[in-house]
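Undergrad: here are the coordinates; sequence isn't available:
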């Protein structure tokens, strides 16, 4: 090739490389590969011949094109997008659950949209409306509970398969959560065996977990022949559990103090606030001789093992919670084509594991 021709070709290649491809149709036209073949490649690269796959990948490199997979999915007859709504993505309990759900969805070829209600019923409503406006395959919802807009959730359930996570609103929707009537007796019995019977430090009445855990504690103490002792907290449906635990523990310590030298908190975040209040009062927490209080929680949040001292608690299995959610949702998605569901609604409650650490 003559030098002049080479000089003319270089700017042309540069212009082509610099050109911003807007969509898959334009990529197909520039690369000379049919649109159906390109679409087939993006759905499953192994589904096209090796030579075609190499040609597409060379064109992708040449034009620096990356498809909008979200838009691709929305255009499918059966979109491979899952919506997830949780009360708070900054809560390590829910962030760990989201991590597990995302991993399972990716393994199944699904994209995930994660929305947070931040403990606000209005924001939860907006999140549900967002999912209603999109073309998605299904949704996993960890509802706020008492303040949730049941009408909106019913509209979502009528549109797509959904699964409740952690807290349920009814018996007609698939649900995955921890069995509070197994987990609370497990840790209550342990605390009674190893020291003074526990005083129960309640949580705001935000969902059915709050009521179930308190009831499970009361039943266990009565069965064991001990007097139940309960620290009631604010009536406000407040998701700032650390603040609630800290403020209410200060109130107790400024008053008569705890009824026993063992405190069982409704969840780990409440326990974090209680421990902070006790530390400020100079109280020593732990099960060693000379300690003033034993404190335990529920959930085994990822940071609980790194507290000072590490928190005794009961562990919910994040991987199993996430996996069962995806399994139930996939069952719902796959059965949609078979007409109205006739099988009983599955509601899975998983057992927890006792985590004995230095705090109790």
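TA: Happy to help now that I have it. These figures come from a predicted structure and were not determined experimentally.

Undergrad: Secondary structure class of residue 115, three-state.
TA: strand (DSSP: H, G, I helix; E, B strand; the rest coil).

Undergrad: go on, residue 211?
TA: helix.

Undergrad: how close does it get to residue 164?
TA: 16 Å (C-beta to C-beta, to the nearest Å). No exception for glycine: its C-beta is placed from N, CA and C like everyone else's.

Undergrad: higher neighbour count, those two?
TA: For residue 211 and residue 164, the more surrounded residue by other C-beta atoms under 10 Å is residue 164, and the numbers stand at 24 against 16.

Undergrad: Can you tell me how far the residue nearest to the more buried one when sequence neighbours are not counted is from residue 209?
TA: Of all residues not flanking residue 164 in the chain, residue 175 sits nearest, at 4.3 Å (C-beta to C-beta, 6 or more residues apart in numbering). Using C-beta to C-beta, we find residue 175 at a distance of 12 Å from residue 209.

Undergrad: right, and residue 278 touches residue 285 too?
TA: Yes - between residue 278 and residue 285 there is a contact under C-beta atoms under 8 Å: 5.9 Å.

Undergrad: joint contacts of the two?
TA: Shared contacts of residue 278 and residue 285 (C-beta atoms under 8 Å, 6 or more residues apart in numbering): 292, 293, 295.

Undergrad: Restricted to buried residues, select those in PyMOL.
TA: Selection of buried members from the shared contacts of residue 278 and residue 285 for PyMOL, criterion 16 or more other C-beta atoms under 10 Å:
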select buried, resi 293+295
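
Undergrad: Just name the closest of the shared contacts of residue 278 and residue 285 to residue 119, please.
TA: Nearest to residue 119 out of the shared contacts of residue 278 and residue 285 is residue 295 (C-beta to C-beta; 24.0 Å).

Undergrad: For that closest one, list the residues it contacts.
TA: 262, 263, 265, 271, 274, 275, 278, 285, 311, 312, 359, 360.

Undergrad: Please identify the buried residues of stretch 246-266?
TA: Across stretch 246-266, burial judged by 16+ other C-beta under 10 Å covers 246, 248-250, 252-253, 258-260, 262-266.

Undergrad: got a list of contacts for it?
TA: Under C-beta under 8 Å, 6+ apart, the answer for stretch 246-266 is 187-188, 191, 195-203, 210, 213-214, 217, 229, 231, 233-234, 245, 271, 273-274, 276-278, 280-281, 283, 292-298, 360.

Undergrad: Mind checking which of the residues you listed are buried?
TA: 187-188, 191, 197-203, 210, 213-214, 217, 229, 231, 233, 245, 271, 273-274, 277-278, 283, 293-298, 360.

Undergrad: Among the residues you listed, which lie within strands?
TA: Counting by DSSP state E, the part of these found in strands is 199, 200, 201, 231, 294, 295, 296.
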